[in-house]
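**Q** Build me a model from this:
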Amino acid sequence: MSRFGSYDASGGTWRPREGAGATGGGPSVGVAFDGELARSLARLAQWLRIAAVAGPSAALLQLVAQVIALLVRRDRIPHSGMQAQLLGMACGGLIALGISVALAVLLHGAAGSLRRAVAEAEVDAPAQFVAGVGRLRVYFLLKATLGTLALLAACCLVVLLLLLMPHALVANPFGSMRP
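**A** Below you'll find the predicted structure:
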């Protein structure tokens, strides 16, 4: 039991402690976040929603810009190479867009939980706050895992190139593009 009350995980309900409300006396119907904390949480929820919209939008714009750039310089790329590049860009862009949408769903859920936690009439404000912070935790863990995997993939690519580069130079020492 905290100074505000207790959360019953089995029933999923918040039981406020007597006299722990915003008024400080009498039975409480919930725990309200006061003044500056409520404003900070409301601003955080607003920025989380903006980030949830901006992430997938940026990924979609990046995909469109890559395809347009490839189509603009298509005269410099052989026909078979262009198809492979278009397919690679489309697959990579769609994967990035999917990841961005999944992260946006987490951010939007966190923003909704934090917004509900700030609402004055919300009885289970601490539970909503914990749910919002939990979604943010999953978001940041996912971002860290994806960043680590990207760094690992980049390191593996560098090692692979370093291992294959001497063989390519021996087979074609002058770097000519002709076979």
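**Q** what does stretch 100-108 contact?
**A** Residues from elsewhere that reach stretch 100-108 (Cβ atoms under 8 Å, 6 or more residues apart in numbering): 48-49, 51-53, 55-56, 58-59, 135-136, 138-139, 142-143. C-beta coordinates here come from the backbone N, C-alpha and C atoms, glycine included.
**Q** Swap in 10 Å and give it another go.
**A** With contacts defined as Cβ atoms under 10 Å, 6 or more residues apart in numbering, stretch 100-108 is touched by 45, 47-60, 62, 135-140, 142-143, 146.
**Q** could you pull out the helices for the chain?
**A** Secondary structure of the chain (DSSP state H): helices at 35-72, 79-118, 125-171.
**Q** Please convert those helices to JSON lines, extending it with mean pLDDT and mean neighbour count.
**A** Formatted as JSON lines, the helices of the chain follow (pLDDT from 0 to 100; neighbours: other Cβ atoms under 10 Å):
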{"stretch": "helix 35-72", "mean pLDDT": "88", "mean neighbour count": "14"}
{"stretch": "helix 79-118", "mean pLDDT": "86", "mean neighbour count": "16"}
{"stretch": "helix 125-171", "mean pLDDT": "88", "mean neighbour count": "13"}
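**Q** ok, now how distant is residue 147 from residue 110?
**A** Per Cβ to Cβ, to the nearest Å, residue 147 is found 19 Å from residue 110.
**Q** Please apply the same query to residue 70.
**A** Relative to residue 110, residue 70 is positioned 36 Å away (criterion: Cβ to Cβ).
**Q** And residue 162, by the same measure?
**A** From residue 162 across to residue 110, the span is 42 Å (Cβ to Cβ).
**Q** again, but for residue 83
**A** Counting by Cβ to Cβ, the gap from residue 83 to residue 110 is 41 Å.
**Q** Please give me every residue in contact with the nearest residue to residue 42 once chain neighbours are set aside.
**A** Spatial nearest neighbour of residue 42, excluding adjacent residues (Cβ to Cβ, 6 or more residues apart in numbering): residue 118 at 5.2 Å. For residue 118, the contact set (Cβ under 10 Å, 6+ apart) comprises 32-33, 37-42, 44-45, 125, 128-129, 132.
**Q** Show me the chain divided up by domain.
**A** Listed domain ranges for the chain are 1-31, 35-168 (source: automatic domain parsing).
**Q** Alright, calling it a day.
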